[in-house]
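A.B. asks: Quick one: sequence plus predicted model below, questions after.
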Amino acid sequence: MKIPVIGITCGEDSQADQLILKNYYVKAVEAAGGCPVLVPVVFKEDIRGRYRDLIDGLILSGGVDVDPEFFGEEPEPGLGEITPNRDMFEIALVKELFPLEKPIMAICRGTQLLNIALGGSIYQDIHAYYKKCLKHMQQAPKWYPTHWVDILTGAKLGKILDRSRLRVNSFHHQAIKLPAPGFNVAALATDGIIEAIEAPDHPFALGVQWHPECSWETDRASFQLFQAFIEACTGK
Ligand code: MN
């Protein structure tokens, strides 16, 4: 079986001119049988197209907030750091990859980015909208799950994980508001915050608000997500 090439997008520290990516992603992809390739922001359309052709699947990694300009809103006080070049690059790449039916797994910021790129919206800061939400920015080890997530009946996510509830880690202050056309809510936290979205008619387009890459070694469900994604990338 051919080993699939898995693109992983990177964050950036523009001050220091450095790329940012937790090694967790690379390790999880390798453990699940994929060949990790880091995908930095590039500016030329034809170079981006080369990445699009090269990769068998894409992981939209976590990171800072998405510029609300890309979903038609003005910045609110709760908005954090933004990296507009990364936003523009990833949005363009998603718009090209999604119709090609190449698998996309989105994590945390990646989920928000995926949703925005395909026409959905997000809460810039959940605390401004949910007065009584759970603690979604945990102060616990990254691998440690701190809140429950309920998977919606019929969601592909439930089939992948073969369960209807799971505990997840949580490091976000933004969340999906309206899923993009063609996407459904796949999981909710107990406070009603959307924790996963998926496109039922796409081979694999899944976004989770939690960080399975931090817990693939200790949590079976986290590793199952990577396994299902890599399997989809082999074209089976
Ligand atoms: Mn959460």
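C.D. replies: Cool, got the structure.
A.B. asks: May I have the residues that are in contact with His127?
C.D. replies: Gly78, Cys133, His173 (C-beta atoms under 8 Å, 6 or more residues apart in numbering). C-betas here are computed from N, CA, C, even on glycine.
A.B. asks: Can you flag the buried ones in those residues?
C.D. replies: Neighbour counting with 16 or more other C-beta atoms under 10 Å marks Cys133, His173 as buried within the contacts of His127.
A.B. asks: Of the contacts of His127, which one scores lowest on pLDDT?
C.D. replies: On pLDDT alone, Cys133 ranks lowest of the contacts of His127, at 92.
A.B. asks: Distance of that residue relative to Leu157?
C.D. replies: Distance from Cys133 to Leu157, counting by C-beta to C-beta, to the nearest Å: 21 Å.
A.B. asks: So for the residue of the chain found nearest the ion, what's the pLDDT?
C.D. replies: Going by C-beta to the ion, the ion is nearest to Ser170 of the chain, at 3.3 Å. Looking at Ser170, its pLDDT is 97.
A.B. asks: what does Lys131 give?
C.D. replies: 85.
A.B. asks: Next, count neighbours for it.
C.D. replies: 6 (other C-beta atoms under 10 Å).
A.B. asks: returning to that earlier point: any idea of the pLDDT on the nearest residue to the residue of the chain closest to the ion once chain neighbours are set aside?
C.D. replies: In space, and not counting its chain neighbours, Ser170 is closest to His136: 4.6 Å by C-beta to C-beta, 6 or more residues apart in numbering. According to the prediction, His136 has pLDDT 95.
A.B. asks: Please name the bridge partners of the nearest residue to Lys177 once chain neighbours are set aside.
C.D. replies: Setting aside the residues directly before and after it, Lys177 is nearest to Ser121 in space (C-beta to C-beta, 6+ apart), at 4.4 Å. Ser121 has these beta-bridge partners by DSSP bridges: Leu178.
A.B. asks: How about the secondary structure of Trp148?
C.D. replies: Using DSSP: H, G, I helix; E, B strand; the rest coil, the structure places Trp148 in strand.
A.B. asks: Name the residues of this protein found near the ion, please.
C.D. replies: His136, Ser170 (C-beta under 5 Å from the ion).
A.B. asks: what's the least confident helix or strand in the chain, going by average pLDDT?
C.D. replies: Of all helical and strand segments in the chain, the minimum by mean pLDDT, DSSP states H and E falls on strand 11-13, at a mean of 95.
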